[in-house]
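# sequence and predicted model, in that order:
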Amino acid sequence: MQRPELEESDIAQPDLQDSAGMDELDLALVNALQLQPRASWVDLARPLGSTATTLARRWDRLSSAGLAWVTASFGREFSRSRCIAYVMIRSDPRERSHVVAELARCPEAATIEVATGGHDINCDVLTRDLRELDRFLTGKVYGVQGITSVSVLLTTSLYLEGSRWRLRSLDQGQLSVLAKGTMSLPRGQHAIDLDGLDRSLLEHLAHDGRLSWAELSGLTGTSTATARRRVGRLMSSGIVAFRCEIAHPLAGWPIQASLLAQAPAADLDRICQGLAAWPECRFVAAVTGAANIYSTFWVRDLGELQRLEARTSNSFPSLTVLDRMVALSTPKRMGHLSDAEGRRVGTVPISPW
């Protein structure tokens, strides 16, 4: 897989004039797009008590300022049939910026965090299989100047990931209206083979998950009907899902913290399901290694993190926390480059398809 070059247009700074924060309608709009990432503004206007024109204008402001964006991500079938790994890196402090920049160029490195804890750089890595993971590690990680050690965790079961995390800014009435308008796709019975058109559609949707069918048609040289049918097939098969991301420090969740923990095999499923139900929890996976649970939480302050860990200990007595990691920054999230405030400033789209 060829490493992409980052053009100036990829890393251009967005207009940050209106990016100091997000009001209640902004948060409600993001919450609605978390539920229905590709819904039309007309469909969202009624439950949000607004107009399609206002919502479109709001979204243009949020997306151009890098405060929120919709992107194509991996679906449920990907987590079962392909490889999701977590690469934990220690680096020479003098070379950390260089290491992050090198990793950010790699489409396999979907998310990169600079963090406290036992490792100072943590990467979520998506590949087609273990052999491709090995090629990524050998060809793009081990040779990077400044890396002093690498450890790898492999996902065995994925209980919760970012596309299913919710802001909870909508009331029950709004949620009910949105649920009625949700189109359920038939679920595929088995994995599908992807061709060049499928991968081209996914690449463009990784840049912008709200591209219209007409825009996708023009970008890929196919008809709008074909673009719609192919994307629907990819979604129903579980290969792809769409997620609405947010610059979480500016939206009220400045602290992202992760726990590496160990639990007896007999308790593993129960504990992971329990953690996944907590509103603060954004990610839970069962993984290989001495730590067999990896979980991530968004909280408002470090005191809340302390209380969260105490709650974890009380709720799951057999769980032992082995490492605590607080993200200092997230330079890349699911293929999108971010600044120190979490705002999107560019894209190196994931391409594990």
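Everything's here; your move.

# worst-scoring helix or strand of this protein, pLDDT-wise?
helix 76-81 (a mean of 82; mean pLDDT, DSSP states H and E).

# in that helix, what counts as buried?
76, 77, 78, 79 (16 or more other Cβ atoms under 10 Å). Any C-beta I mention is one placed from the backbone N, CA and C, and that applies to glycine too.

# hey, what's residue 338 bridged with?
Per DSSP bridges, the residues bridged to residue 338 are residue 344.

# all strands of the stretch 1-150 of the chain, in order?
68-74, 83-91, 109-115, 121-127, 147-160 (DSSP state E, counting those that start in this stretch).

# residue 227: which of the ones you listed is closest?
strand 68-74 (13.1 Å; Cβ to Cβ).

# partner strands of that closest one, with direction?
strand 240-246 (antiparallel).

# tell me which residues are up against the strand it pairs with.
30, 33-34, 37-38, 67-76, 78, 162-163, 167, 202, 205, 209, 231, 234-235, 333-334, 336, 342, 344, 353 (Cβ atoms under 8 Å, 6 or more residues apart in numbering).

# now it: mean pLDDT?
Averaging pLDDT along strand 240-246 yields 94.

# returning to what we had before: write the PyMOL selection for whichever of the contacts of strand 240-246 are buried.
PyMOL command restricting those to the buried ones, with burial defined by 16+ other Cβ under 10 Å:
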select buried, resi 30+33+34+37+38+67+68+69+70+71+72+73+74+75+76+78+162+163+167+202+205+209+231+234+235+333+334+336+342+344+353
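
# quick one on the thing from earlier: in CSV: the strands of the stretch 1-150 of the chain, plus distance to residue 269 and mean pLDDT.
Listed next are the strands of the stretch 1-150 of the chain as CSV, based on distance: least, Cβ to Cβ, whole Å; pLDDT from 0 to 100:
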stretch, distance to residue 269, mean pLDDT
strand 68-74, 21, 95
strand 83-91, 18, 97
strand 109-115, 25, 97
strand 121-127, 22, 97
strand 147-160, 8, 96
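
# could you pull out the helices for the stretch 101-250 of the chain?
130-136, 172-180, 196-207, 213-220, 224-236 (DSSP state H, counting those that start in this stretch).

# out of these, nearest to residue 320?
Going by Cβ to Cβ, the one of those nearest residue 320 is helix 130-136, 27.6 Å.

# in the closest one, what counts as buried?
Going by 16+ other Cβ under 10 Å, helix 130-136 has these buried residues: 132, 133, 136.

# wait, what's in contact with the last one?
Spelled out, it's residue 136. Counting by Cβ under 8 Å, 6+ apart, residue 136 touches 106, 108, 125, 127.

# from these, which single one is nearest residue 313?
Checking these one by one against residue 313 (Cβ to Cβ), the nearest turns out to be residue 125, at 30.0 Å.

# pretty sure that closest one sits against residue 109.
Yes: the criterion here is Cβ atoms under 8 Å, and residue 125 meets it with residue 109 at 5.9 Å.

# quick one: common contacting residues for these two?
With Cβ under 8 Å, 6+ apart, residue 125 and residue 109 have common neighbours residue 87.

# rewinding a little: and the buried residues of helix 130-136 as a markdown table, adding distance to residue 291 and pLDDT?
Output for the buried residues of helix 130-136, formatted as a markdown table (distance: Cβ to Cβ, whole Å; pLDDT from 0 to 100):
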| residue | distance to residue 291 | pLDDT |
| --- | --- | --- |
| 132 | 24 | 96 |
| 133 | 19 | 97 |
| 136 | 22 | 97 |
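
# how about the residues you listed in a markdown table, adding distance to residue 145?
Shown next, in a markdown table, are those (distance: Cβ to Cβ, whole Å):
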| residue | distance to residue 145 |
| --- | --- |
| 132 | 23 |
| 133 | 21 |
| 136 | 17 |
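
# just the residues you listed now: which is nearest residue 285?
Distances from residue 285 to the buried residues of helix 130-136, taken by Cβ to Cβ, are shortest for residue 133, at 15.5 Å.

# for the closest one, give me its contacts.
Contacts of residue 133 (Cβ under 8 Å, 6+ apart): 83, 85, 108, 125, 127, 152.

# what's the answer for residue 158, then?
Counted by Cβ under 8 Å, 6+ apart, residue 158 has contacts 79, 84, 284, 285.

# and the last one, what element?
Residue 285 belongs to strand 281-287 when assigned by DSSP states H and E.

# what's that strand packed up against?
Helices and strands touching strand 281-287, by 3 or more Cβ pairs under 8 Å, 6 or more residues apart in numbering; DSSP states H and E, are strand 83-91, strand 147-160, helix 265-276, strand 293-299.
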